[in-house]
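In: this one's structure only:
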């Protein structure tokens with residue numbers, strides 16, 4: 001069995017008693033990275049789409065799950081947790097093989113953590129922010145976000161030269177945390193055409209067993 005096959009399979013004894021409830025916005029990349037992790041691990045889950053335009057994320061019942069009123073959040077049979085990177089870490093610790101997803105030694109763990117920081121930093125301020133402007137009409141500096149995106153993508157293009165995955169010889173949390181907003185960067189006006197290594201990396205993720213995609217929005221020409 002290959003590493004990819006192993007990574008896609010949850011331990012039968014660890015499966016949930018009831019599906020994990022995933023509170024989300026279906027066009028949020030932060031939410032999608034959690035859904036993708038659930039799908040790759042084979043953990044049953046139920047999507048609960050919040051009507052955020054009408055303040056569902058500010059309702060008292062939801063604030064008990066996610067005190068900052070943010071998505072995503074999960075309810076795993078009474079265990080509640082918010083923040084996408086925290087959630088995917090929890091999921092692989094509980095339902096996957098942590099050494100494969102998080103790292104098998106101190107250096108690999110540190111490298112995975114570095115990419116989780118990039119997901120929360122450069123990816124959030126670059127392709128995520130650019131897409132927030134075009135998809136959600138967020139009042140952000142679109143040109144600055146696009147410039148930051150291309151700086152990040154140029155770094156990733158060089159990093160992926162000769163590599164299949166961001167950290168190891170198989171997918172890790174680094175790849176899952178990075179995928180959604182990079183894959184949907186064109187929706188924010190950030191072309192991926194100059195980055196063949198990045199596009200090949202995205203295709204490898206999309207070829208993983210049980211991959212699920214995120215809802216598409218129009219590509220900004």
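Out: Noted; the coordinates are in hand. The model shown is predicted, which means the values in this text are computed figures rather than measured ones.
In: rest of the way, CA atoms for contacts and neighbours
Out: Will do.
In: strands of the protein, residue ranges please.
Out: Under the criterion DSSP state E, strands of the chain are mapped to 20-24, 45-49, 73-76, 79-82.
In: ok, and what's touching the last one?
Out: Read it as strand 79-82. Strand 79-82 has contacts (Cα atoms under 8 Å, 6 or more residues apart in numbering) with 65-66, 70-75, 87.
In: can we see that at 6 Å?
Out: 65-66, 73-74 (Cα atoms under 6 Å, 6 or more residues apart in numbering).
In: just flag the most distant two among those.
Out: Farthest pair in the contacts of strand 79-82 (Cα to Cα) is 66 and 74. Separation: 8.7 Å.
In: do you know how far the spatially most central residue of the chain is from residue 145?
Out: Central residue check for the chain by Cα atoms, centre = their mean: the C-alpha nearest the mean position is that of residue 33, 2.5 Å away. Residue 33 sits 21 Å away from residue 145, going by Cα to Cα, to the nearest Å.
In: again with residue 128
Out: The value you get for residue 128 to residue 145, if Cα to Cα is used, is 8 Å.
In: now swap in residue 79 and tell me
Out: Note on residue 79: its distance to residue 145, by Cα to Cα, is 35 Å.
In: neighbour count winner among those two?
Out: Using other Cα atoms under 10 Å, the more surrounded residue of residue 79 and residue 145 is residue 145, with 26 against 9.
In: for the nearest residue to the more buried one once chain neighbours are set aside, give me its contacts.
Out: Of all residues not flanking residue 145 in the chain, residue 126 sits nearest, at 4.6 Å (Cα to Cα, 6 or more residues apart in numbering). Residue 126 makes contact with 145, 148-149, according to Cα under 6 Å, 6+ apart.
In: domain parsing for this structure?
Out: Domains of the chain are assigned by automatic domain parsing as 3-98, 103-206.
In: same question for the last one, mean pLDDT?
Out: Looking back up the chat, that one is domain 103-206. Domain 103-206 comes out with an average pLDDT of 98.
In: that domain: end-to-end distance?
Out: End-to-end distance for domain 103-206: 21 Å, by Cα to Cα.
In: can you check stretch 79-88 too?
Out: End-to-end distance for stretch 79-88: 14 Å, by Cα to Cα.
In: for stretch 165-179, same thing?
Out: This stretch, stretch 165-179, spans 11 Å end to end (Cα to Cα).
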